[in-house]
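Peer 1: no sequence on this one, just coordinates:
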């Protein structure tokens with residue numbers, strides 16, 4: 001791990017010790033006794049958790065209230081989303097998550113236990129990111145074209161591609177890449193990106209699709225190679241890696257997002273106050289530097305802008321999921 005990234009992760013995770021104590025034990029409170037619970041649908045120590053802790057610490061100062069990260073991991077954020085739905089609409093509970101929980105889960109799970117359009121209201125967004133295709137350094141390819149040729153000749157057109165979760169955008173991307181480049185690609189689902197990457201490093205699977213932040217450090221270390229990224233432009237941290245649009249797979253310029261949500265019915269004044277605080281935090285140079293170093297593109301979004309991005313992103317993937325023949329489970 002590079003020194004710069006190690007320092008970034010160290011600073012982001014500095015506050016994570018509190019997450020390992022059972023919820024409800026001694027927790028910090030603001031002077032008036034109020035605290036805000038920030039739900040995260042992933043375990044302590046992961047990327048989304050680290051992001052939440054960085055923002056929580058800064059939001060505490062802006063709002064004058066303690067902001068406590070409450071990890072409710074499981075089912076790609078589904079459990080945390082259900083907790084948000086059942087929480088009072090008073091601004092005391094918020095949910096930090098990304099596109100999978102809000103845009104994808106409701107389309108691939110028959111009864112997710114929540115409906116973002118009816119149960120949640122956007123409170124503000126703060127970043128976008130892109131997914132990418134990476135291969136093990138052991139694979140004798142350095143470009144996407146070489147990867148396609150390698151699969152066609154060595155694998156007779158067949159190969160497995162790891163994905164961090166079933167019925168996620170990476171699974172549908174595997175199908176789309178296969179169809180576009182006439183390959184028989186099999187999506188191999190894992191329980192998260194960590195075990196997928198471990199198998200790639202161990203040469204148990206030749207390729208994987210995940211977010212840039214999943215692969216960035218191993219790419220820089222020469223242990224994995226990112227061959228192509230989605231989105232409408234090349235990534236600043238990967239300037240030599242082409243987009244899939246450049247390679248002929250177009251229609252994926254609308255990037256995944258990170259946002260914060262409140263229960264439906266939360267007063268508009270409460271949402272506005274939080275959104276303004278989030279805008280100030282996202283505008284802090286040290287916050288932008290740390291988030292950018294993790295592969296995110298920092299972009300504050302008002303509640304209305306986050307809602308518009310969510311609708312556009314969901315519409316793109318609704319069409320892809322329907323055309324794939326996937327049946328919600």
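Peer 2: Perfect, I can see it now. Everything numeric here is computed off the predicted structure, so don't read it as measured data.
Peer 1: could you look up the SS state of the nearest residue to residue 318 once chain neighbours are set aside?
Peer 2: Nearest residue to residue 318, sequence neighbours excluded (Cβ to Cβ, 6 or more residues apart in numbering): residue 107, at 5.9 Å. Just so you know, the C-beta spots here come from the backbone N, C-alpha and C atoms, and that holds for glycine as well. Classification of residue 107 by DSSP: H, G, I helix; E, B strand; the rest coil places it in helix.
Peer 1: ok, residue 107 touching residue 321?
Peer 2: Yes. At 5.4 Å, residue 107 counts as touching residue 321 under the criterion of Cβ atoms under 8 Å.
Peer 1: tell me the phi and psi of residue 156?
Peer 2: phi 50, psi 40 (degrees, to the nearest 10).
Peer 1: tell me how many other residues crowd the residue nearest to residue 318.
Peer 2: Residues lying near residue 107 (other Cβ atoms under 10 Å) number 16.
Peer 1: can you list the buried residues in the longest strand along the chain?
Peer 2: Among all segments of the chain classified by DSSP state E, the strand with the greatest residue count is strand 120-128. Of the residues in strand 120-128, 120, 121, 122, 123, 124, 125, 126, 127, 128 count as buried by neighbour count, 16 or more other Cβ atoms under 10 Å.
Peer 1: for the stretch 151-300 of the chain, what spans make up the helices?
Peer 2: Assigned by DSSP state H, counting those that start in this stretch, the stretch 151-300 of the chain shows helices spanning 169-180, 193-201, 212-220, 244-247, 268-282, 285-293.
Peer 1: ugh, wrong one, I meant the stretch 1-150 of the chain
Peer 2: Under DSSP H, counting those that start in this stretch, the stretch 1-150 of the chain gives helices at 3-12, 47-63, 78-85, 99, 105-108, 116-119, 144-154.
Peer 1: summarise which helices and strands the second one is packed against.
Peer 2: Contact partners of helix 47-63 among helices and strands, from 3 or more Cβ pairs under 8 Å, 6 or more residues apart in numbering; DSSP states H and E: helix 3-12, strand 35-40, strand 66-71, strand 93-98, helix 268-282, helix 285-293.
Peer 1: so which of these comes closest to residue 299?
Peer 2: Residue 299 sits nearest to helix 268-282 of all the helices and strands packed on helix 47-63, at 8.1 Å, using Cβ to Cβ.
Peer 1: you'd agree residue 288 is up against residue 296?
Peer 2: No. Using Cβ under 8 Å, residue 288 is not in contact with residue 296, being 9.3 Å away.
Peer 1: so those two - more neighbours on which side?
Peer 2: Neighbours per residue (other Cβ under 10 Å) separate residue 288 from residue 296, with residue 296 holding more: 22 against 18.
Peer 1: that one reaches residue 127, doesn't it?
Peer 2: Yes. The criterion here is Cβ under 8 Å, and residue 296 meets it with residue 127 at 4.1 Å.
Peer 1: determine the residues that are contacts of both of these two.
Peer 2: Residues touching both residue 296 and residue 127 (Cβ atoms under 8 Å, 6 or more residues apart in numbering) are 51, 258.
Peer 1: for the residue nearest the centre of the chain, which non-adjacent residue is spatially closest?
Peer 2: Residue closest to the mean C-alpha point of the chain, counted by Cα atoms, centre = their mean, is residue 98 at 4.8 Å. Nearest residue to residue 98, sequence neighbours excluded (Cβ to Cβ, 6+ apart): residue 258, at 5.0 Å.
Peer 1: dig out what the one you found forms beta bridges with.
Peer 2: Per DSSP bridges, the residues bridged to residue 258 are residue 98, residue 127.
Peer 1: what's the local residue count around it?
Peer 2: 23.
Peer 1: what of residue 222?
Peer 2: Using other Cβ under 10 Å, residue 222 is surrounded by 8 other residues.
Peer 1: try the one 10 residues further on
Peer 2: Applying the criterion other Cβ under 10 Å, we find 12 residues in the vicinity of residue 232.
Peer 1: mind listing what it touches?
Peer 2: Contact analysis of residue 232 by Cβ under 8 Å, 6+ apart lists 243, 245, 253, 255.
Peer 1: from those residues, which two are the most distant?
Peer 2: 245 and 255 (12.0 Å).
Peer 1: ok, those two, which is more surrounded?
Peer 2: Neighbours per residue, other Cβ under 10 Å: of residue 245 and residue 255, the larger number sits with residue 255, 20 against 17.
Peer 1: which residues does the nearest residue in space to residue 188 that is not next to it in sequence bridge with?
Peer 2: Excluding the flanking residues, the one nearest residue 188 by Cβ to Cβ, 6+ apart is residue 160, at 4.7 Å. With DSSP bridges as the criterion, residue 160 is bridged to residue 186.
Peer 1: ok, residue 160 touching residue 205?
Peer 2: Yes. Residue 160 is in contact with residue 205 according to Cβ under 8 Å; the separation is 5.5 Å.
Peer 1: show me this structure divided up by domain.
Peer 2: Per automatic domain parsing, the domain ranges recorded for the chain read 3-128+256-324, 131-247.
Peer 1: got those domains as a markdown table, with mean pLDDT columns?
Peer 2: Shown next, in a markdown table, are the domains of the chain (pLDDT from 0 to 100):
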| stretch | mean pLDDT |
| --- | --- |
| domain 3-128+256-324 | 86 |
| domain 131-247 | 93 |
